[in-house]
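[1] 3D model of this:
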Amino acid sequence: MEENRDHTIETKFKKNCKLLVQNKLPKWEELPDIGLYMDQLEKLLNKYLSIYNDGDEEKLITRAMINNYVKNGLIPKPEKKLYSRDHIAYLLVIGILKPVLSMSNIKEILMCQTGYRNSRDILNLVYNILELSSDFFIDKVALKVESMLKVDGNSSVAFTSLAMTMGIISNTSRMVAVTALKTRKEWEENKK
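    Below you'll find the model as predicted:
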């Protein structure tokens, strides 16, 4: 009976992981090509980013956040109170990065990227990175859970071990990202 329950839990986990991969960031062409007012923008962004909401927050992006991003130069000012595809693209990138990186890190990334790419190319780059990393982690994670269940025979231990592993990988990834930004600053200073 216990083995059957573990198999059912494992199957449910794999199905949930497949949902993560299916709920993708929209491509540029899928973004509205008309201007949106703040309330429409906020609703749309939270819909697109809902996959990243683990239930702790009601909204991942709020009006106050958007206003602060404009005020701090992370995104351009709206034109006649309307937000364009460019705004949506930048706000999606911010929404994905903000749980991991500081606003100053995100601003540095966006400032550098916008010097070389337009908002469409930045969003497409992020879309492709998300697709590759999601596929990679989901495939590897699902396989890891399967092997951990076979070794431990205890789903509770397997899933908490997996959560700990992914937390450590996330933190390591964050530190590598911050180190990359520090190295970029040093490189820029040495160029002068």
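[2] Now for the residue lying closest to residue 184 once chain neighbours are set aside, how many residues are close by?
    Excluding its sequence neighbours, the residue lying closest to residue 184 (Cβ to Cβ, 6 or more residues apart in numbering) is residue 112, at 7.4 Å. C-betas here are computed from N, CA, C, even on glycine. Neighbour count for residue 112, taken as other Cβ atoms under 10 Å: 13.
[3] What strand or helix carries residue 112?
    Taking DSSP states H and E as the criterion, residue 112 maps to helix 103-114.
[4] Which residues does that helix contact?
    Residues from elsewhere that reach helix 103-114 (Cβ atoms under 8 Å, 6 or more residues apart in numbering): 72-74, 90, 93-94, 97-98, 101, 122, 177-178, 181, 184.
[5] give the contact list for the closest residue to residue 45 other than its chain neighbours.
    Spatial nearest neighbour of residue 45, chain neighbours left out: residue 61 (4.4 Å); criterion: Cβ to Cβ, 6+ apart. The contact partners of residue 61, by Cβ under 8 Å, 6+ apart, come to 42, 45, 46, 49, 91, 94, 95.
[6] what separates the lengthiest helix in the chain from the chain centre, distance-wise?
    Longest helix of the chain, by residue count under DSSP state H: helix 155-191. Helix 155-191 has its C-alpha centroid displaced from the chain centroid by 14 Å (Cα atoms, centre = their mean, to the nearest Å).
[7] Then stretch 117-135?
    10 Å.
[8] Determine the three-state secondary structure at residue 58.
    coil (DSSP: H, G, I helix; E, B strand; the rest coil).
[9] quick one: pLDDT of it?
    Residue 58 carries a pLDDT value of 72.
[10] Tell me how many other residues crowd residue 162.
    16.
[11] I'd like the distance between it and residue 24.
    Separation of residue 162 from residue 24 (Cβ to Cβ, to the nearest Å) stands at 22 Å.
[12] Report the contact partners of residue 62.
    residue 42.
[13] Same question for residue 178.
    The contact partners of residue 178, by Cβ under 8 Å, 6+ apart, come to 101, 105.
[14] So for the helix holding residue 112, mean pLDDT?
    Mean predicted confidence for helix 103-114 is 93.
[15] Can you name the next helix or strand after the helix or strand hosting residue 16?
    Using DSSP H and E, residue 16 sits in helix 2-22. Sequence-wise, the next helix or strand downstream of helix 2-22 (DSSP H and E) is helix 38-48.
[16] Alright, I will stop here.
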